[in-house]
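> my questions are about this predicted structure, shown below with the sequence.
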Number of protein chains: 2
Amino acid sequence: MMISSVSELLVSDKFLQEVQVKGWVRTFRSNRFIALNDGSTIKNIQCVVDFENTDENTLKRIATGAAVNIKGTLIESQGRGQTVEIQVSELEILGDSNPDEYPIQPKKHSMEFLRENAHLRVRTNTFSAVMRVRSALSFAVHKYFQENGFNYVNTPIVTGSDAEGAGEMFRVTTFEPNDAPTTEDGGVDYSQDFFGKETNLTVSGQLEAETFAMALGKVYTFGPTFRAENSNTTRHLAEFWMIEPEVAFCDLDGNMDLSEDFIKSVLAYVLEHCKDDLAFLEQRLTQEEKSKPQAERSEMTLIEKLHFVVDNNFKRVSYTEAIDILRNSKPNKKKKFQFPINEWGADLQSEHERYLVEKHFKCPVILFDYPANIKAFYMRLNDDGKTVRAMDVLFPGIGEIAGGSQREERYDVLLDKIKTMGIDEKELWWYLDLRKFGTAVHSGFGLGFERLVQFATGMGNIRDVIPFPRTPQNAEF
Amino acid sequence: MMISSVSELLVSDKFLQEVQVKGWVRTFRSNRFIALNDGSTIKNIQCVVDFENTDENTLKRIATGAAVNIKGTLIESQGRGQTVEIQVSELEILGDSNPDEYPIQPKKHSMEFLRENAHLRVRTNTFSAVMRVRSALSFAVHKYFQENGFNYVNTPIVTGSDAEGAGEMFRVTTFEPNDAPTTEDGGVDYSQDFFGKETNLTVSGQLEAETFAMALGKVYTFGPTFRAENSNTTRHLAEFWMIEPEVAFCDLDGNMDLSEDFIKSVLAYVLEHCKDDLAFLEQRLTQEEKSKPQAERSEMTLIEKLHFVVDNNFKRVSYTEAIDILRNSKPNKKKKFQFPINEWGADLQSEHERYLVEKHFKCPVILFDYPANIKAFYMRLNDDGKTVRAMDVLFPGIGEIAGGSQREERYDVLLDKIKTMGIDEKELWWYLDLRKFGTAVHSGFGLGFERLVQFATGMGNIRDVIPFPRTPQNAEF
């Protein structure tokens, strides 16, 4: 007999027909009702066991977490909140789950406990929902770019340079620690390491993606990136996935258009394709917020927040204008900001970004034209000589969700900047070549995928939106 | 004016209308005809310059590799092999390309030279075609799995264990070489390293993917994996992308069905969506093969090879049967195999796999039920006690393109195997948990993405199907 998935059966109208389904027992109550889940949906299907004709030993083994094979008749359900159920005719225990040992019982577990059992936490409603939304969101990313003429480019994970200087890096080596060969002057002889030079894990694929944009026109990366920063926060991971589109012949205005259209499109995709999971996650979030003081609760539910982004135009505001707004804002005057805004040139913090989005404009905001000295070397210098064509996309609850820029396409200006910032220009010979041969205006941005998943799922801790989080002192599994 | 892509214009019928296009000069001949490419397609659009009314300095700057902005009238082309061209009314040089310095001239460059200029090689016909096919193939992978109910899972890149033992690994650390802290007994004190333990780059996401399959049912990975093997061959990379589906309640037969259906589907996708690129790559391959001795040339063209896979049923043959065929084969009797097949238990080499596919069966082959002692610890033991439910998918020209197995789902049998193979069971506590709580039959396979791109593009060297290859002594860019 063909095996059906729970998601298929729940929308099936093949009443009174024989069906077969395999899955795991979520709960078993009254010695009769199995709530069965197979991961295809957050919903369970109710399987009604004829306990009078089932041997006692089997009944005992129907425990939370057990894998079972069920055959039976699909019937219209009598119970509330479900349309169909299965009247079980045959039940086989495929894999037992000893209730005295199985960690994932049908009760509330702490998030920390579940992180320690990350190999099992995806068997809970919350994590299965998060991981299905994550998967759908990934696909939406690829779908958007592919349908809009972008080529996917896999930039290297192991790199030979820390040119972007985006943060501390992880060393990649085949040397034994404390047993690396040395040169005559006592330094480490990297020529004998696997790659013949010092190598690290990438912090960004942008520079390599630019080489492809200057040939294929429109490209995007979507791969893992790394930061060896000792940040134990709810917003940082040592290993995370990043999306970086890069477009030739595109200026900052085009870049803002792209970021807005892209973000709206992928969130609209999950709104359409993950209705059941989002409904559950919305309920979860609302429940969680009830334990917070009134002032800290979000004014919007999860799905309202998604619509807030999808349905609003992103307001575009220059950094200079934003500084004016912030300087004159109530929280600044009343010294409510942790970092008061006194003058032009200040780096904005999450509290300022959220004020602009949540209180002032009440819509997603794109800030642009930032002071040159707080931004990276590759951003295009404006004619004023003090700002660069950078942009940050700001979201409610999060602050910055994406950051990008028009790239400096002028060879001389770029070389000057590289020298001024003390970067070794020899490391960037190939990056400079792009400005030497057929240079053109081009732009791109980077978006940390896990931040987007957090936004889409309402999960407060970034460790709960990636299967096996990597953080300081933690690389379990 | 809206900027059009070359791919749009080539199929446009908006004759006599004004159009604008930006791209790079591929060639400029007779002071008149620009072949313009913008990366959207392998085809160029011809732009006809009115050289009598264009100033000489501008004409001089129209060089191979220069970026230009062109406005003009779209007209039906007079030339052979093209349907439309642009009569240029305005031409602006956006970025020059000095012919005395630009490495990518319109002539044949050696593949090695192009590898050394990997930041520019994607501007050639061959590499732009390869990279567009690679991108389309990536998308086909996601599309296939998402449309078939699989969830994408991002397994960790940095891992704490070498449990699978698939090969030598790269160490990931924030220690300075030769300056790592030591414990009292003189060993390296890994508790002070970033993750608080020894960590490496992953060789496979399979074991972690299994944890997700046992909750979500059907999952797949698609991410970078690493081998620190000193293999300087045309088939090996130190960093490559791997696809690993994993399915609960699926036995080896189901796994064979999945691998066949998956591979056919993604290759059919590129046959449909990459016609122009494949036509070019087919021509390139045919040209290349002319320089080989007759005996080494492929009997099929590139597109014929793709159809050979898409249109044929994969023949399923047990390892034992394959050994019989090989032992009695002409090349074995005539001692033509480099590794003669004498007895059951031999590990098959590429030459044997290709013989089975190309000479004996003349179709893709799936071998199954391999000797247990040449396969990994997690493969399910058959009742004969000496073979495991492993499978390899064999392709013409390549040999093995994918390998997988039904996983050992029995706790005791798995634990025995782990102990016998000398693997530390404490490292695998979470993997063993899957067999303790709700275990079930499950299966999966791994497919090296670059091998698939090689097959789809006909490229002989694996370094030429990934943007920036990582190999021993090489991590440039």
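Done, it's in.
> contacts and neighbour counts: CA atoms only from here.
Noted.
> so who does the nearest residue to residue A:181 once chain neighbours are set aside touch?
Among residues not flanking residue A:181 along the chain, residue A:189 sits closest, at 5.5 Å (Cα to Cα, 6 or more residues apart in numbering or on different chains). Residues counted as contacts of residue A:189 (Cα atoms under 8 Å, 6 or more residues apart in numbering or on different chains) are A:180-183.
> domain-wise, how is chain A divided?
A:3-103, A:123-168+A:203-464 (automatic domain parsing).
> need the ones you listed in CSV (columns: mean neighbour count, mean pLDDT and distance to residue B:358).
Output for the domains of chain A, formatted as CSV (neighbours: other Cα atoms under 10 Å in any protein chain shown; pLDDT from 0 to 100; distance: least, Cα to Cα, whole Å):
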stretch, mean neighbour count, mean pLDDT, distance to residue B:358
domain A:3-103, 19, 95, 36
domain A:123-168+A:203-464, 20, 95, 32
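> in a markdown table: those domains, plus distance to chain B.
Formatted as a markdown table, the domains of chain A follow (distance: least, Cα to the nearest Cα, whole Å):
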| stretch | distance to chain B |
| --- | --- |
| domain A:3-103 | 4 |
| domain A:123-168+A:203-464 | 4 |
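> and of those domains, who's closest to residue B:242?
Residue B:242 lies closest to domain A:123-168+A:203-464 among the domains of chain A, at 12.0 Å (Cα to Cα).
> ends of that closest one, what's the gap?
13 Å (Cα to Cα, to the nearest Å).
> quick one, which of the domains of chain A gets closest to residue B:442.
domain A:3-103 (11.6 Å).
> what's the offset of the closest one from the middle of its chain?
Relative to its chain's centre, domain A:3-103 lies at 33 Å (Cα atoms, centre = their mean, to the nearest Å).
> am I right that residue A:224 falls within a helix?
No. With DSSP: H, G, I helix; E, B strand; the rest coil as the criterion, residue A:224 is strand rather than part of a helix.
> surely it meets residue A:243?
No. At 9.0 Å, residue A:224 does not count as touching residue A:243 under the criterion of Cα atoms under 8 Å.
> wait, what's in contact with the nearest residue to residue A:45 once chain neighbours are set aside?
Closest residue in space to residue A:45, ignoring its immediate chain neighbours: residue A:36 at 5.2 Å, by Cα to Cα, 6+ apart. When contacts are counted by Cα under 8 Å, 6+ apart, residue A:36 touches A:23-27, A:44-47.
> of those residues, which belong to helices?
Applying DSSP state H to the contacts of residue A:36, no entry is found in helices.
> any chance of those in CSV with distance to residue B:397 as columns?
Shown next, in CSV, are those (distance: Cα to Cα, whole Å):
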residue, distance to residue B:397
A:23, 41
A:24, 43
A:25, 47
A:26, 48
A:27, 52
A:44, 47
A:45, 48
A:46, 51
A:47, 51
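> circling back to that earlier point, redo the domains of chain A as TSV? Include distance to residue B:389.
Formatted as TSV, those follow (distance: least, Cα to Cα, whole Å):
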stretch	distance to residue B:389
domain A:3-103	19
domain A:123-168+A:203-464	27
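> now do stretch A:455-468: everything it contacts.
Contacts for stretch A:455-468 (Cα under 8 Å, 6+ apart): A:115, A:118, A:127, A:130-131, A:133-134, A:234-237, A:267, A:278, A:281-282, A:285, A:302, A:306, A:398, A:450-451, A:453-454, A:469, A:476-477, B:153-156.
> please tell me how far the closest residue to residue A:305 other than its chain neighbours sits from residue A:464.
Leaving aside its sequence neighbours, residue A:305 sits nearest to residue A:396 (Cα to Cα, 6+ apart; 7.9 Å). As judged by Cα to Cα, residue A:396 and residue A:464 stand 19 Å apart.
> still on that earlier bit, which among the contacts of residue A:36 gets closest to residue B:407?
Checking the contacts of residue A:36 one by one against residue B:407 (Cα to Cα), the nearest turns out to be residue A:23, at 17.4 Å.
> now do the same contact list for the closest one.
Residue A:23 neighbours (Cα under 8 Å, 6+ apart): A:36-39, A:67-69.
> which two of the residues you listed have the greatest separation?
A:39 and A:69, at 14.5 Å, using Cα to Cα across the contacts of residue A:23.
> in a strand, residue A:267, correct?
No. Looking at residue A:267 with three-state DSSP, it is helix, so not inside a strand.
> hang on, the earlier thing: between residue A:224 and residue A:243, what contacts are shared?
Contact criterion Cα under 8 Å, 6+ apart; residues shared by residue A:224 and residue A:243: none found.
> returning to what we had before: export the contacts of residue A:189 to CSV and tack on neighbour count?
Below are the contacts of residue A:189 laid out as CSV (neighbours: other Cα atoms under 10 Å in any protein chain shown):
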residue, neighbour count
A:180, 19
A:181, 18
A:182, 15
A:183, 12
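> could you dump the residues you listed to a markdown table with distance to residue B:52 and secondary structure?
Formatted as a markdown table, the contacts of residue A:189 follow (distance: Cα to Cα, whole Å; DSSP: H, G, I helix; E, B strand; the rest coil):
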| residue | distance to residue B:52 | secondary structure |
| --- | --- | --- |
| A:180 | 66 | coil |
| A:181 | 66 | coil |
| A:182 | 65 | strand |
| A:183 | 63 | coil |
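> what about the helices in chain A?
Assigned by DSSP H, the helices in chain A fall at A:6-10, A:56-61, A:111-116, A:125-147, A:206-216, A:252-273, A:275-289, A:302-311, A:319-327, A:330-333, A:350-354, A:411-420, A:429-436, A:449-457.
> how about the ones you listed, which one is nearest residue A:390?
Nearest to residue A:390 among these is helix A:252-273 (7.6 Å), distances taken as Cα to Cα.
> check which helices and strands the closest one sits against.
Judged by 3 or more Cα pairs under 8 Å, 6 or more residues apart in numbering or on different chains; DSSP states H and E, helix A:252-273 is in contact with helix A:125-147, helix A:302-311, strand A:387-395, strand A:399-406, strand A:442-448.
> nearest to residue B:84, of these?
helix A:125-147 (24.5 Å).
> ok, residues contacting that closest one?
Here helix A:125-147 has contacts from A:39, A:42, A:121-122, A:151-152, A:220, A:262, A:265-267, A:269-270, A:273-274, A:277-278, A:280-281, A:284, A:453, A:456-457, A:464-467, B:136, B:139, B:142-143, B:146, B:151-153, B:215-216, using Cα under 8 Å, 6+ apart.
> one more: stretch A:356-368?
Under Cα under 8 Å, 6+ apart, the answer for stretch A:356-368 is A:256, A:308-309, A:312-319, A:322, A:326, A:389-397, A:399.
> for it, measure first residue to last.
14 Å.
> what about it, distance to the chain center?
On Cα atoms, centre = their mean, the centre of stretch A:356-368 falls 21 Å from that of its chain.
> same check, this time on stretch A:234-243
8 Å.
> just the C-alphas of that stretch, formatted as PDB.
The C-alpha trace of stretch A:234-243 is given here as PDB (Å, rounded to 0.1, in the frame of the first residue of the first chain):
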ATOM      1  CA  THR A 234      21.200  36.500  21.200                       C
ATOM      2  CA  ARG A 235      22.100  38.200  17.900                       C
ATOM      3  CA  HIS A 236      25.600  36.600  17.100                       C
ATOM      4  CA  LEU A 237      26.800  33.300  15.800                       C
ATOM      5  CA  ALA A 238      30.300  32.300  14.900                       C
ATOM      6  CA  GLU A 239      29.000  30.500  11.900                       C
ATOM      7  CA  PHE A 240      26.000  31.900  10.000                       C
ATOM      8  CA  TRP A 241      24.600  32.000   6.400                       C
ATOM      9  CA  MET A 242      24.800  35.200   4.400                       C
ATOM     10  CA  ILE A 243      23.100  36.300   1.200                       C
END
